[in-house]
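Novice: Predicted structure and sequence below. I'll ask about it afterward.
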Amino acid sequence: MSDLHTGAGKAGAEAGPGPALQTLVDELKPTLVIASGDLTHRNKPWQHDGAAALLKGLGVPVLAVPGNHDIPLLSPNRVLAPWKEFERHWLTTEPTHSTPSLYVVGINSVRPWRHQSGGVSKEALARAVGRLKSAPTEAFRIAVLHHQLVGAPWRSRKKPVAHRNHVLAALAEAGAELIVGGHVHQGTVSDRHEFEVVDEAFHGAVVTTVPGLGRPRPRRHGEACGAFLYTPGTADLTVETYLWREQEWGVTARRTFARGAGTLGSRSA
């Protein structure tokens, strides 16, 4: 899930489908919930408290990275201590989740001197690459950041992460089979080979942009409200799109991708 935007609207943390996330988690029973940024709407302490209470109360492990809404907007701390409130609950902006079968690295793509667009520093990318390369041999490897690597499917002025070709290539060649972003409140799912011509020996990677779960601008057209379910198998990865329909969750799409190097496309489910 992504872009919870806790605190948006008059009803604050109680608004929107955020609390319904518990229902979805209870139904699907995931081994991990990934929260790819914008947990809060305006980085207020009470908003961070509400987001953390919701996510940590799901009853499953959670890996969270910050979004551009999770740092101060108009405060010296935007530069001096941008991660203070986020780290109060999540300790680090570059988390790792490791089991013998699943290895997930979080990457901080938020740049305090940029209002909307993001970037990954050379140092942060090198750390992520190093962690991915150290993953257990049989583990399914995921890289998570807030800013999207692929463009929005519909209108959006929000640009993908800076130097995305370099970031994508580095993460894929380090072994990431799935790269997760958010930010634009629209869902996309693609295999690397569907939008980039690469040598057959290069590693394939499924690149997703998670639809936003919160709706800070409920009257704006062109913003989805949902989450993705990733199910890795021995030879493939299935991605399902769950949309919130005011009172219930529903599956609207399902795609299956082959895993591994040399993958030259996706297979329809």
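Specialist: That came in fine, so what should we check first? Numbers count the residues shown, from 1 in each chain.
Novice: how near is the residue most central in space within the chain to residue 185?
Specialist: In the chain, the centroid-proximal residue (Cα atoms, centre = their mean) is residue 36; its distance is 3.2 Å. Going from residue 36 to residue 185 by Cβ to Cβ, to the nearest Å gives 12 Å. Bear in mind the C-beta positions are built from the backbone N, C-alpha and C, glycine included.
Novice: hey, what's in contact with both of these two?
Specialist: Common neighbours of residue 36 and residue 185 are listed as residue 3 (criterion: Cβ atoms under 8 Å, 6 or more residues apart in numbering).
Novice: tell me the secondary structure for residue 169?
Specialist: Assigned by DSSP: H, G, I helix; E, B strand; the rest coil, the conformation of residue 169 is helix.
Novice: So for stretch 189-208, mean pLDDT?
Specialist: Mean per-residue pLDDT for stretch 189-208: 83.
Novice: cool, stretch 89-97 as well?
Specialist: 98.
Novice: What are the contacting residues of that stretch?
Specialist: By Cβ under 8 Å, 6+ apart, the list of residues contacting stretch 89-97 reads 32, 48-49, 51-52, 56, 61, 63-66, 83, 86-87, 103-108, 110, 124, 127-128, 131.
Novice: for that stretch, which positions count as buried?
Specialist: 90, 93, 94, 95, 96, 97 (16 or more other Cβ atoms under 10 Å).
Novice: Now do the end-to-end distance for that stretch.
Specialist: 16 Å (Cα to Cα, to the nearest Å).
Novice: Could you do stretch 74-86 as well?
Specialist: 16 Å.
Novice: and it, what's its mean pLDDT?
Specialist: Summarised as a single mean, pLDDT over stretch 74-86 is 86.
Novice: same check, this time on stretch 139-154
Specialist: 91.
Novice: tell me which residues of that stretch are tucked away?
Specialist: 139-152.
Novice: What is the nearest of these to residue 245?
Specialist: Ranked by distance to residue 245 (Cβ to Cβ), the buried residues of stretch 139-154 are led by residue 152 at 21.6 Å.
Novice: got the contact list for the residue nearest to the centre of the chain?
Specialist: 1, 2, 3, 65, 67, 144, 145, 146, 180, 181, 182, 210.
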